[in-house]
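Undergrad: for reference, the sequence and a predicted model appear below.
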Amino acid sequence: MKYDSKDSRTDMYNPNFSPTVSSQGINESSNFMKNLPKWVEFVSWARWYPDLFYDLITPETGSIYIDLDERIFLRATARFLSSYGVFPRGFGKCQNMETLIYTSSGIKEMGEYFNYQKDNKETFKSCDIELLNRYGELETSNIGVYSGYLPTKVITTEEGYEVENTLNHPMLAISDDGIIDWKLSEDINIGDYVLINRNNNIWGTNVKLNIDYDKLNNVKHINTCNIVETLDEDFALIMGYLIGDGCITRDDRIVLTNIDEDIINNYTNFIRNRLNINVIHRGIDYYIYGKYCREYFRQIGFDMCNAHNKVVPKCIMEAPKSIVSNFIKGLFDTDGGLSNSYIEYCTASKKLSKQVQVILLNFGIISTRTKKYNKKFKSYSYRICIFGKHMNIYLKEIGFSCQRKQDKLITLYDKKRNTNKDVIPNQKNKIELFYKDIKKYNTYVYDRIYHILKGNNELTYEKLDYLMSLNKSELCSNFEELKYIYNSNYFYSKVKTIEDSNNHVCDLQTNETHSFVSNGFVSHNTLLEVMSMYHGAIFYPDINNAMSAQTKENAAKLLSEKHREVLKYYPLMANEIQKSSFVKDTAEVLFTSGGKVDILANHQNTKGARRHTLNIEESALLNNALFEDWVLTVPLYSNVY
């Protein structure tokens with residue numbers, strides 16, 4: 001019989017498939033027949049272990065890391081024609097709306113890109129944002145999704161860094177054996193070390209203040225003021241003073257309360273000379289009056305609020321580094337101070353304290369953020385402290401305009417301080433192996449690291465720098481791993497509390513490293529749902545798979561972006577694709593096997609649309625009526641994720 005028989009070409013174990021039968025010059029002595037069993041064995045193996053197949057075709061550059069839960073996901077979708085799971089996109093990778101990210105336009109809240117949506121309806125957005133990734137580089141994100149109101153974990157570290165994630169949101173952490181790896185938020189435990197990225201230094205470029213002159217001119221007023229349309233360092237300093245010691249609760253006045261002569265001089269000179277407003281002095285209070293002036297300040301970020309609701313003005317968050325530096329200087333001049341061992345800043349506003357900590361991180365400054373209950377006022381206050389070598393960074397990058405504070409900080413510069421907080425945990429085993437090699441080429445090494453070898457102390461960056469600089473260190477065990485850790489320069493922050501919560505959440509997808517920095521933490525996203533469908537289309541001829549979302553346009557955009565990513569990281573996959581087409585609300589990928597991947601919308605019009613597998617985005621948001629009325633009516637098999 002011929003080997004291209006329809007009954008035999010897909011199953012070498014069919015009784016009619018006999019390698020001893022000659023056809024078209026092919027016989028059992030040919031290379032084809034000798035290697036055919038190996039090929040069939042390989043294909044069977046690749047079907048059964050899709051995750052290992054992706055490992056096998058990983059190029060020298062690119063690819064993604066597939067974790068254990070993701071491997072299980074891929075294997076389940078490859079092995080079972082009918083299965084059911086409920087996973088939001090990227091296995092649930094979403095964060096709350098107030099999460100701060102570093103972008104080319106400054107520090108932004110993720111919710112800004114979704115208009116702080118709260119209607120609990122999944123919304124897919126096209127966007128063009130340059131985000132900071134785990135390597136301290138800007139990376140483009142052009143996909144965003146609002147996922148609704150979902151269960152979350154609020155994770156807070158000993159230093160007060162806080163992030164709120166959906167349960168399956170991956171974060172970069174360090175394991176007990178010292179390996180840096182991704183860990184799902186629901187698997188993070190108190191005492192774990194998570195990674196804080198301080199290789200940031202990403203700032204905005206905007207200095208234009210957006211003024212609505214129509215609203216200004218509609219204000220009933222007697223007194224007017226000069227309108228400053230461009231933000232500069234001097235104005236940023238004044239803004240820092242007012243967020244720190246200003247009273248902005250009234251619609252007809254602003255009051256600064258302070259006793260430091262240099263602060264008062266800076267403030268009154270700017271208000272009088274730049275804004276042309278009279279400053280009225282009453283004791284330690286300095287008043288400026290006028291609804292016109294107050295409306296101007298409201299428009300640039302000073303809403304009427306008490307101390308508990310103050311925030312960093314948006315114009316500051318989007319500004320260049322020197323302007324942000326002067327704003328922080330003004331804050332610490334007024335509500336800050338220093339002792340012989342730390343710099344501190346206090347505020348009644350929780351949000352402001354979190355913003356300041358993230359801004360300091362952009363300068364490379366690690367700080368601690370703690371809260372304390374005030375019995376008298378029955379409320380919390382928040383305290384940010386800067387210790388050790390980070391005091392030197394603060395002096396270099398920010399400093400004080402209040403001369404008495406600046407003078408004291410200068411006297412503390414480069415003072416030898418304890419560095420025990422800035423440690424690289426769980427490296428004892430690596431250092432032991434490294435030491436066995438390095439002692440062959442260097443003497444007296446043991447005296448410098450014996451506390452680490454004994455397990456009494458954790459490795460510090462100073463000790464790691466010493467080890468990396470030793471003669472022939474590059475020949476020693478674990479050199480490359482230790483070098484990577486050193487160059488990454490992460491801060492390892494121990495988890496202190498974990499709280500269950502619920503919140504409106506959203507996600508941004510990066511295209512290169514699948515990582516971005518949020519509130520200082522390193523976050524991760526994946527593309528496994530599309531990879532699993534492509535795998536099925538390659539290894540199961542004539543299969544018909546579909547990606548589904550709330551609208552066909554959303555599904556088409558999602559599949560289009562994920563398609564490009566799959567081919568970017570696994571270029572050999574292009575050889576399996578015969579044709580791909582993506583237009584507004586349609587998308588279709590045809591494979592050489594005869595398999596197909598296309599899209600569906602989550603509505604009743606999809607009834608009867610036959611598919612072998614169905615991949616539903618954000619299926620956790622489907623109500624039972626829609627599931628029974630739509631999902632169950634899509635024949636033949638429903639492999640729902």
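TA: Right, received. Where do you want to start?

Undergrad: next, count neighbours for the spatially closest residue to residue 256 that is not a sequence neighbour.
TA: Nearest non-adjacent residue to residue 256, counting by Cβ to Cβ, 6 or more residues apart in numbering: residue 286, 4.6 Å away. C-beta coordinates here come from the backbone N, C-alpha and C atoms, glycine included. Applying other Cβ atoms under 10 Å, we find 22 residues neighbouring residue 286.

Undergrad: the stretch 351-500 of the chain: strands as residue ranges?
TA: Using DSSP state E, counting those that start in this stretch, the strands of the stretch 351-500 of the chain run over 368-374, 379-387, 423-424, 459-460, 491-510.

Undergrad: make CSV from these and add distance to residue 334 to it.
TA: Rendered in CSV, the data for the strands of the stretch 351-500 of the chain read as follows (distance: least, Cβ to Cβ, whole Å):
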stretch, distance to residue 334
strand 368-374, 18
strand 379-387, 14
strand 423-424, 33
strand 459-460, 35
strand 491-510, 28
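
Undergrad: most tightly packed of these?
TA: Per residue and on average, the most neighbours among the strands of the stretch 351-500 of the chain fall to strand 423-424, with a mean of 23 (mean count of other Cβ atoms under 10 Å).

Undergrad: so what's residue 517 up against?
TA: Listed by Cβ atoms under 8 Å, 6 or more residues apart in numbering, the contact partners of residue 517 are 101, 102, 131, 132, 133, 134, 197, 200, 523.

Undergrad: next up, phi/psi of the second one, please.
TA: The main-chain torsion angles of residue 102 are listed as degrees, to the nearest 10 and equal phi -90, psi 120.

Undergrad: how close does it get to residue 523?
TA: Distance of residue 102 to residue 523, given as Cβ to Cβ, to the nearest Å: 12 Å.

Undergrad: so those two - more neighbours on which side?
TA: residue 523 (31 against 27).

Undergrad: ok, the more buried one touching residue 510?
TA: No. Here residue 523 lies out of contact with residue 510, judged by Cβ atoms under 8 Å, at a distance of 9.2 Å.

Undergrad: which parts of the stretch 201-350 of the chain are strands?
TA: Along the stretch 201-350 of the chain, the stretches classed as strands by DSSP E, counting those that start in this stretch are 246-247, 253-257, 280-282, 285-289, 336-338, 342-347.

Undergrad: got those as a markdown table, with distance to residue 225 columns?
TA: A markdown table is the format used below for the strands of the stretch 201-350 of the chain (distance: least, Cβ to Cβ, whole Å):
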| stretch | distance to residue 225 |
| --- | --- |
| strand 246-247 | 16 |
| strand 253-257 | 11 |
| strand 280-282 | 14 |
| strand 285-289 | 8 |
| strand 336-338 | 28 |
| strand 342-347 | 27 |
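
Undergrad: make CSV out of the ones you listed and add distance to residue 211 and mean pLDDT.
TA: Putting those into CSV (distance: least, Cβ to Cβ, whole Å; pLDDT from 0 to 100) gives the following:
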stretch, distance to residue 211, mean pLDDT
strand 246-247, 20, 96
strand 253-257, 17, 96
strand 280-282, 25, 95
strand 285-289, 18, 96
strand 336-338, 30, 94
strand 342-347, 28, 96
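
Undergrad: anything in contact with each of residue 523 and residue 510?
TA: In contact with both residue 523 and residue 510: residue 516, using Cβ under 8 Å, 6+ apart.

Undergrad: list the buried residues of stretch 536-549.
TA: By 16 or more other Cβ atoms under 10 Å, the buried positions in stretch 536-549 come out as 536, 537, 538, 539, 540, 543, 544, 545, 546, 547, 548, 549.

Undergrad: could you chop the protein up by domain?
TA: Residue ranges of the domains in the chain are recorded as 1-42, 49-89+526-641, 94-197+495-524, 213-412, 423-489, according to automatic domain parsing.

Undergrad: can you add distance to residue 205 and give these back as CSV?
TA: As requested, the domains of the chain are exported to CSV (distance: least, Cβ to Cβ, whole Å):
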stretch, distance to residue 205
domain 1-42, 53
domain 49-89+526-641, 27
domain 94-197+495-524, 7
domain 213-412, 6
domain 423-489, 25
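
Undergrad: OK, contacts around residue 506?
TA: The contact partners of residue 506, by Cβ under 8 Å, 6+ apart, come to 94, 95, 97, 110, 111, 113, 114, 117, 144, 145, 146, 147.

Undergrad: residue 439 too?
TA: The contact partners of residue 439, taken as Cβ under 8 Å, 6+ apart, are 445, 446.

Undergrad: ok, back up a step: the contacts of residue 517: which two are farthest apart?
TA: Spatially, the most separated pair among the contacts of residue 517 is 200 and 523, at 14.1 Å (Cβ to Cβ).

Undergrad: and the two most separated of the buried residues of stretch 536-549?
TA: The most widely separated members of these are 539 and 549, with 25.1 Å between them, by Cβ to Cβ.

Undergrad: follow-up on the earlier one: need the winner for burial among the domains of the chain.
TA: A comparison of those by mean neighbour count, using mean count of other Cβ under 10 Å, puts domain 94-197+495-524 on top with a mean of 20.

Undergrad: now that domain: mean pLDDT?
TA: The predicted model gives domain 94-197+495-524 an average pLDDT of 89.

Undergrad: one step back: now go through the contacts of residue 517 and say which are in helices.
TA: Counting by DSSP state H, no part of the contacts of residue 517 is found in helices.

Undergrad: coming back round to it: looking at the strands of the stretch 351-500 of the chain, spot the one closest to residue 470.
TA: strand 459-460 (14.5 Å).

Undergrad: that closest one pairs with which strands?
TA: Pairing partners of strand 459-460, with direction, according to DSSP bridges: strand 423-424 (antiparallel).

Undergrad: average pLDDT for the partner strand, rounded please.
TA: Per-residue pLDDT values over strand 423-424 give a mean of 94.
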